[in-house]
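Novice: Fold the following for me, if possible:
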Amino acid sequence: MKRRDFGLLAGTSLVTAAALRPGMAAAAAADPSLLTTTLTPRGGERAGNADGSIPAWTGGLVSPALPLDQPVAVRLFEDEKPLYTVDASNITQYADLLTEGTKFLIEKYGVSLNVYQTHRTAAAPQYVYDNTAKNVTTAKLDPAGGRFGFNGAYGGVPFPIIDTTDPEVGGAQLIWNHLTVWGGFNTMTQFNPGVVMIGGHLILVAGTLTRFVYPYYDPNGSLETFGGYYSKAHFYYKAPGSVNGQETVYWHTTNVNKHPDIVWTLLNGQGRVRKAPNMAFDTPNPSSNGIANLDESSVFYGNPSEYNWTLIGKKEMLVPYNCNKMLFHTIQEILGPHFPNPDMVRWEKHRVWVVEANLAPGSHNVTAKRRIYFDEDSRIALLGEGYDAQGDLAKAYALFNECVPSLPGTIEMGTSTFNLTTGDYTYNGNNNYAPYSSAEFFAPNPEADFDPQQMAASASF
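Specialist: Numbering: from 1, shown residues only. Sure, this is the predicted structure:
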């Protein structure tokens, strides 16, 4: 496999951490008033770019809340036509706007990118904006190192104004912004398919009814009452038959030194809930048939303490964005042999923060280095790549977001991990898998749904 350079991104459009524009204020002079002037309420730049291809942020896309029993998927921008298409014939022209993983998929497997007008749809409720402003002056990374977590933040972006004076501080801030990203307080998806494409064949590995609650974003909570777990999830396995009846509960923490991540599992026929000690880091994800590891979901997922996270800078890039069209097609229609159908995936130009992760001394992971690209508006990671111990590009990651104006938010819809050696890949997301519907709701979930003791009490033998 062709070796990819770990050095700084090529091209002149990369703005390094040492040479940021005035709108990208460093945390050393963090001022909450910036979130109402030059920066958006969550820390992106309000202004557009010089040539107008990235517009100014004017509040995102917001609509009235829907009834709790109504699915939230909406069709957006369906009448728009691509501005241009990037493929192997013109990749050189657009190389500076592409990640290394995207370039590899174009060159090796023939991916094409349909690039549309940029819409800065990202938004959040006012209470999230208010909490974000408070976090500017109270949030602190763990004294033992930012990779272990943070304290003093609640209910909004922990670090909306990135510290660009210290790249390792800025990088850690960005990964925690991603992990605690706004995606609603309660969510439920009727059927969340986890599939793999192996040798061009689609295989359903796991399909779950999925419930999430994000205590970090409880609108009735506070920094003083927050218990330290930003996310809790309960997966009820429905298909295929080999996993039907299994359940898993995840709790994820804002600080691994104070509150470790915890996973509980309930296996068929046992009637007993067990803690799962190895459900983290580079443990192969059982819902990916070994193609992806647990920490490769959502570009990066779970405990970030194995890596030192270094801010490289900010850059304009082509990224998947406003991919609502995918919600109205089945997985069988969306996925091709080596990549999702280009006619289903919308690409736009956005500004992203670029972070490189290197294994910390004493840590072990099959992915020795990662590079991740974080959306400046939503704060979520959109693309990434992973390198093995020999320095070769081994994996590419993509997150396909959806805009939910009624939430409001531009949030994760689905993610893929691409094995660049074999051409196989995974897909997991809120997309229909015929004959199942992946309808998503933001209705409240009972607290008992995330209690492992309650899971054990309701188990069947």
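
Novice: Let me know the helix or strand that the residue nearest to residue 327 when sequence neighbours are not counted is in.
Specialist: With sequence-adjacent residues excluded and distances taken as CB to CB, 6 or more residues apart in numbering, residue 327 is closest to residue 73, at 4.3 Å. Glycine gets a C-beta too; all of them are placed from N, C-alpha and C. According to DSSP states H and E, residue 73 maps onto no helix or strand at all.

Novice: repeat for residue 354
Specialist: strand 347-359.

Novice: repeat for residue 282
Specialist: Counting by DSSP H and E, residue 282 is found in no helix or strand.

Novice: Can you get me a residue count around the residue nearest to residue 327?
Specialist: Neighbourhood size, residue 73 [other CB atoms under 10 Å]: 19.

Novice: in a strand, that's where residue 216 is, yeah?
Specialist: No - with DSSP: H, G, I helix; E, B strand; the rest coil as the criterion, residue 216 is helix rather than part of a strand.

Novice: Now do the same for the nearest residue to it once chain neighbours are set aside: its pLDDT.
Specialist: Setting aside the residues directly before and after it, residue 216 is nearest to residue 230 in space (CB to CB, 6+ apart), at 3.8 Å. Turning to residue 230, the model gives it a pLDDT of 98.

Novice: Which secondary structure elements does the helix or strand containing residue 230 sit against?
Specialist: According to DSSP H and E, residue 230 maps onto strand 229-239. Packed against strand 229-239 by the contact rule (3 or more CB pairs under 8 Å, 6 or more residues apart in numbering; DSSP states H and E) you find strand 186-198, strand 201-213, strand 247-253.

Novice: Save these as TSV, and put in distance to residue 55, mean pLDDT and mean neighbour count too.
Specialist: Putting these into TSV (distance: least, CB to CB, whole Å; pLDDT from 0 to 100; neighbours: other CB atoms under 10 Å) gives the following:
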stretch	distance to residue 55	mean pLDDT	mean neighbour count
strand 186-198	29	96	22
strand 201-213	31	96	19
strand 247-253	34	95	22
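
Novice: Which one of these lies nearest to residue 58?
Specialist: Each of these has some distance to residue 58 by CB to CB; the shortest is strand 186-198, at 26.7 Å.

Novice: That closest one: partners in the sheet, and parallel or antiparallel?
Specialist: strand 201-213 (antiparallel), strand 425-429 (antiparallel), strand 440-441 (antiparallel) (DSSP bridges).

Novice: Mind checking these for the one nearest to residue 363?
Specialist: strand 425-429 (23.9 Å).

Novice: Tell me how many other residues crowd the closest residue to residue 284 other than its chain neighbours.
Specialist: Leaving aside its chain neighbours, residue 284 sits nearest to residue 290 (4.7 Å; criterion: CB to CB, 6+ apart). Around residue 290 there are 14 other residues, counting by other CB under 10 Å.

Novice: host element of residue 290?
Specialist: Following DSSP H and E, there is no helix or strand that holds residue 290.

Novice: Put together a markdown table for the strands paired with strand 186-198, with distance to residue 395 on each row.
Specialist: Below are the strands paired with strand 186-198 laid out as a markdown table (distance: least, CB to CB, whole Å):
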| stretch | distance to residue 395 |
| --- | --- |
| strand 201-213 | 18 |
| strand 425-429 | 9 |
| strand 440-441 | 27 |
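
Novice: So for residue 321, which of those sits nearest?
Specialist: Closest to residue 321 of these is strand 425-429 (CB to CB; 15.0 Å).

Novice: List the contacts of that closest one.
Specialist: Under the criterion CB atoms under 8 Å, 6 or more residues apart in numbering, residues 192-197, 285, 287-289, 291-292, 297, 326, 331, 334-335, 338-340, 400, 412-419, 438 lie in contact with strand 425-429.

Novice: shouldn't residue 120 be in contact with residue 55?
Specialist: Yes - with contact defined as CB atoms under 8 Å, residue 120 reaches residue 55; the gap is 6.2 Å.

Novice: any weak-confidence spans in this structure?
Specialist: In the predicted model, the chain carries pLDDT under 70 at residues 1-29, 269, 271, 459-461.

Novice: centroid residue for it?
Specialist: Central residue of the chain (CA atoms, centre = their mean): residue 298, 4.1 Å from the mean position.

Novice: Using the three-state scheme, assign residue 134.
Specialist: What three-state DSSP gives for residue 134 is helix.

Novice: how many other residues sit next to it?
Specialist: Neighbour count of residue 134, defined by other CB under 10 Å: 16.

Novice: That one and residue 220, how far apart?
Specialist: Between residue 134 and residue 220 the computed distance is 16 Å (CB to CB, to the nearest Å).

Novice: What of residue 231?
Specialist: 17 Å.

Novice: Which of the two has more residues huddled nearby?
Specialist: residue 231 (22 against 7).
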